[in-house]
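Participant: take a look and give me a structure for this.
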Amino acid sequence: MSEESRDGLEAVRAEKLRKIADLGIDPWGRRFDDHRSIASVRAIDPPKPAEGETPEPGPAVRVAGRIMLRRGQGKVVFLEVRDWTERIQVFIGKKQVGDACWALVDLLDLGDLIGVDGTLGYTKTGELTVFATDLTFLGKSLAPPPEKWHGLTDQERRYRQRYVDLFTNPESLQTFLGRSTIVRTFRKVMEERGFIEVETPTMQSIAGGAAARPFVTHHNTLDIDLFMRIAPELYLKRLLVGGMERVFEIGRVYRNEGISPKHNPEFTMMEAYQAYGDYHSMMDLTEGLICAAIQAVGGGYQRSWGEKTIDFTPPWPRRAYLDLLKEHAQVDPEDFEAVKARAAEKGIETNGRDRDVIISDLFEATVEDALIGPVFVIDYPAAICPLTKRKASDPRLAERFELFVDGIELANAYTELNDPYLQEDLFRSQLAGQKEEDSMAKMDEDFVQALKNAMPPAGGLGIGIDRLCMLLLNKASIRDVVLFPLMRPIVAGGAEIVAGKTTAHGTGSVTRPADELEEDSSEI
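Facilitator: A predicted model of the protein is given here:
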């Protein structure tokens, strides 16, 4: 649709808005109490008429929603009205609603918001219908809707205009309601297991708790640079020191890195810490959380994922990191020369690099994509786990696991390191050679001081909420489960169309202007 056509259609709708106001009706609506969700109305079973009989008036109902379809002419109009739970047909007859209300009917457009009072019953064709006795206008849609039958189909515009995507694509709305169910279930399970939810700073003076490049901001009054958090870990551990024995936080974290189907620079994570636990405690917790989420969203443990089926039936296997490397990379991890040779075959740089870092890269290149899972990968090389307690039986290994499903890392957990002297030494070796802009380019001295006050032995866990939602709701891209994903600004006529200055850096995946929506007068 051209810009001129769009402007013309909006002008027609604006004229209808003026006429609605001339009727003495507020075109932006007022409070509309005591209406029921359409799903609950559809659950009512009014009497069905016998064949050839006139339908009897059913129970009185009151609903509100958006007009998605309009048909009929003369003195009878049928509407399809949809709220966030369901859709229902509305019958409007001039005789039934009266002249004043009928004057409003002529001014209704697709996308308008209305309230309907009426009786519930069936038409002669058996369609459950609200037979309107009165209408309340609740809001004018000035923007032309997407084209007939298909809702909003352009994928980029669905991400950029999520508000249109949600009301034109019921599947999209159900995805985000499902996401809310998953998060709500996590909170319920954590509370049942004795954890308390806390909030820690999202702006931090030192970036820490993960290996990632942070976003930098500036506090004008204090005249200091701050970092958007890359993880809440070090603050949550401080709470363990303070005596809060089971804590968790669900919140946003920020990593100034690339954009991909599996990564948005701003994403949601749940982190949890349990005093007197370990990484086995966290495996049990992780399995319990995800299984509870599956039960809450429904569909069973055998879940579709693209063209695959993932079996989430517990218990999930627990496989040693080095055993998996030996199996899939077909190399003995103890034979460093063989490891380097295999890494070189995979295009991995080996000169001057630590043994365990090379092994980590080789694991990523040969093992991760083969892990259909869900599978807990346990006992990582200690050198790549600076916040993790070493195994007593083999200090070269760290008591860490990652949960993988079809090559996607869903969770990361440790038996937490609580030795302040060892922690300080590991921080110093990790910081050696770090660039100033990278994470943990400065040691968190206060965290080391906190450990000197005795942090209890503990298990710690991080779960990526967005990736979990992708898997449980069968969505191929993280943008499909993030309401407002970060997008590259649209360029039109050489100018960026943005609501303000953009400061995020990285490689956005959207490189073309969005397609135009198309207008249709009969259905959204």
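
Participant: from here on, just use CA atoms for contacts and neighbour counts.
Facilitator: Noted.

Participant: quickly find the element holding residue 10.
Facilitator: helix 3-22 (DSSP states H and E).

Participant: mind listing the strands for the stretch 301-450 of the chain?
Facilitator: 302-305, 308-311, 318-320, 375-381, 390-391, 394-405, 408-415 (DSSP state E, counting those that start in this stretch).

Participant: okay if I get the ones you listed as JSON lines plus mean pLDDT?
Facilitator: Supplementary listing: the strands of the stretch 301-450 of the chain in JSON lines, determined by pLDDT from 0 to 100:
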{"stretch": "strand 302-305", "mean pLDDT": "96"}
{"stretch": "strand 308-311", "mean pLDDT": "96"}
{"stretch": "strand 318-320", "mean pLDDT": "96"}
{"stretch": "strand 375-381", "mean pLDDT": "96"}
{"stretch": "strand 390-391", "mean pLDDT": "93"}
{"stretch": "strand 394-405", "mean pLDDT": "95"}
{"stretch": "strand 408-415", "mean pLDDT": "95"}
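
Participant: now do residue 480 against residue 132, distance only.
Facilitator: 37 Å (C-alpha to C-alpha, to the nearest Å).

Participant: what do you get for residue 360?
Facilitator: Distance from residue 360 to residue 132, by C-alpha to C-alpha: 66 Å.

Participant: the two: who's more crowded?
Facilitator: residue 132 (22 against 17; other C-alpha atoms under 10 Å).

Participant: now that one, nearest residue through space, not along the chain?
Facilitator: Of all residues not flanking residue 132 in the chain, residue 118 sits nearest, at 4.2 Å (C-alpha to C-alpha, 6 or more residues apart in numbering).

Participant: hang on, residue 178 is in a helix, isn't it?
Facilitator: Yes: under DSSP: H, G, I helix; E, B strand; the rest coil, residue 178 falls within a helix.

Participant: residue 261 reaches residue 475, doesn't it?
Facilitator: No: look at residue 261 against residue 475 with C-alpha atoms under 8 Å: they stay out of range, at 9.8 Å.

Participant: higher neighbour count, the two?
Facilitator: Of the pair residue 261 and residue 475, residue 475 is the one with more neighbours under other C-alpha under 10 Å, namely 18 against 14.

Participant: for residue 165, which of the strands of the stretch 301-450 of the chain is the nearest?
Facilitator: Proximity to residue 165 (C-alpha to C-alpha) singles out strand 302-305 among the strands of the stretch 301-450 of the chain, at 22.3 Å.

Participant: tell me which residues of the closest one come out buried.
Facilitator: Going by neighbour count (16 or more other C-alpha atoms under 10 Å), the buried part of strand 302-305 is 303-305.

Participant: from those residues, pick the one nearest residue 324.
Facilitator: Out of the buried residues of strand 302-305, the member with the shortest distance to residue 324 (by C-alpha to C-alpha) is residue 305, at 23.3 Å.

Participant: for the stretch 401-524 of the chain, what spans make up the helices?
Facilitator: Along the stretch 401-524 of the chain, the stretches classed as helices by DSSP state H, counting those that start in this stretch are 420-431, 445-451, 465-472.

Participant: okay, the ones you listed, which one's buried deepest?
Facilitator: Counting by mean count of other C-alpha atoms under 10 Å, helix 465-472 has the highest mean neighbour count of those, with a mean of 23.

Participant: and the angle from that one to strand 394-405?
Facilitator: Angle, helix 465-472 to strand 394-405, by axes from the mean of the first three to the mean of the last three C-alpha atoms, to 10 degrees: 50 degrees.

Participant: which other residues reach helix 465-472?
Facilitator: Helix 465-472 has contacts (C-alpha atoms under 8 Å, 6 or more residues apart in numbering) with 179, 182-183, 262, 267-270, 294, 303, 305, 408, 410, 475-478, 480-482.

Participant: any idea of the mean pLDDT for that helix?
Facilitator: Summarised as a single mean, pLDDT over helix 465-472 is 97.

Participant: how much distance is there from that helix to the middle of the chain?
Facilitator: 7 Å (C-alpha atoms, centre = their mean, to the nearest Å).

Participant: how about stretch 245-256?
Facilitator: With C-alpha atoms, centre = their mean, you get 14 Å for stretch 245-256.

Participant: can you mark which positions in that stretch are buried?
Facilitator: Those would be 245-256, for stretch 245-256 by 16+ other C-alpha under 10 Å.

Participant: among the residues you listed, which lie within strands?
Facilitator: Counted as lying in strands by DSSP state E, out of the buried residues of stretch 245-256, are 246-254.

Participant: and those, which is closest to residue 376?
Facilitator: The nearest one, if we look at those relative to residue 376 and count by C-alpha to C-alpha, is residue 248, at 21.0 Å.

Participant: okay, now the unreliable bits of the stretch 51-200 of the chain?
Facilitator: 52, 54-55, 148-151 (pLDDT under 70).

Participant: 90 instead, please
Facilitator: 51-58, 72-74, 123-126, 144-157 (pLDDT under 90).

Participant: picking up where we left off before, which residues touch the residue nearest to residue 132?
Facilitator: Going by C-alpha under 8 Å, 6+ apart, residue 118 touches 60-62, 130-134.

Participant: determine the three-state secondary structure at it.
Facilitator: strand.

Participant: beta-bridge partners for it, please?
Facilitator: residue 61, residue 132 (DSSP bridges).

Participant: could you report the separation of it from residue 93?
Facilitator: From residue 118 over to residue 93 (counting by C-alpha to C-alpha), the distance is 11 Å.

Participant: likewise for residue 204?
Facilitator: Separation of residue 204 from residue 93 (C-alpha to C-alpha): 62 Å.

Participant: rewinding a little: any chance of the ones in strands among the buried residues of stretch 245-256 in a markdown table with pLDDT and distance to residue 72 as columns?
Facilitator: What follows is those, written out as a markdown table (pLDDT from 0 to 100; distance: C-alpha to C-alpha, whole Å):
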| residue | pLDDT | distance to residue 72 |
| --- | --- | --- |
| 246 | 98 | 61 |
| 247 | 98 | 59 |
| 248 | 98 | 55 |
| 249 | 98 | 53 |
| 250 | 98 | 49 |
| 251 | 96 | 49 |
| 252 | 95 | 49 |
| 253 | 94 | 51 |
| 254 | 94 | 52 |
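
Participant: columns distance to residue 216 on top of those, output as JSON lines?
Facilitator: JSON lines is the format used below for these (distance: C-alpha to C-alpha, whole Å):
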{"residue": "246", "distance to residue 216": "31"}
{"residue": "247", "distance to residue 216": "27"}
{"residue": "248", "distance to residue 216": "25"}
{"residue": "249", "distance to residue 216": "22"}
{"residue": "250", "distance to residue 216": "22"}
{"residue": "251", "distance to residue 216": "18"}
{"residue": "252", "distance to residue 216": "15"}
{"residue": "253", "distance to residue 216": "13"}
{"residue": "254", "distance to residue 216": "10"}
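
Participant: and which of these is nearest residue 275?
Facilitator: Nearest member of these to residue 275, counting by C-alpha to C-alpha, is residue 246, at 6.3 Å.

Participant: give me every residue that touches the closest one.
Facilitator: Applying C-alpha under 8 Å, 6+ apart, the residues near residue 246 are 194-196, 240, 272-275.

Participant: identify the bridge partners of it.
Facilitator: In beta-bridge terms (that is, DSSP bridges), residue 246 pairs with residue 274.

Participant: and the gap between it and residue 194?
Facilitator: 7 Å.

Participant: equivalent analysis for residue 395, please.
Facilitator: For residue 395 relative to residue 194 (C-alpha to C-alpha), the value is 32 Å.

Participant: residues near residue 345, how many?
Facilitator: Around residue 345 there are 11 residues (other C-alpha under 10 Å).

Participant: what's the answer for residue 352, then?
Facilitator: 6.

Participant: any figure for the gap between residue 261 and residue 470?
Facilitator: 10 Å.

Participant: could you do residue 334 as well?
Facilitator: 37 Å.

Participant: buried sites along stretch 218-237?
Facilitator: In stretch 218-237, counting by 16+ other C-alpha under 10 Å, buried: 226-237.

Participant: what is the most widely separated pair among those residues?
Facilitator: 226 and 237 (20.3 Å).
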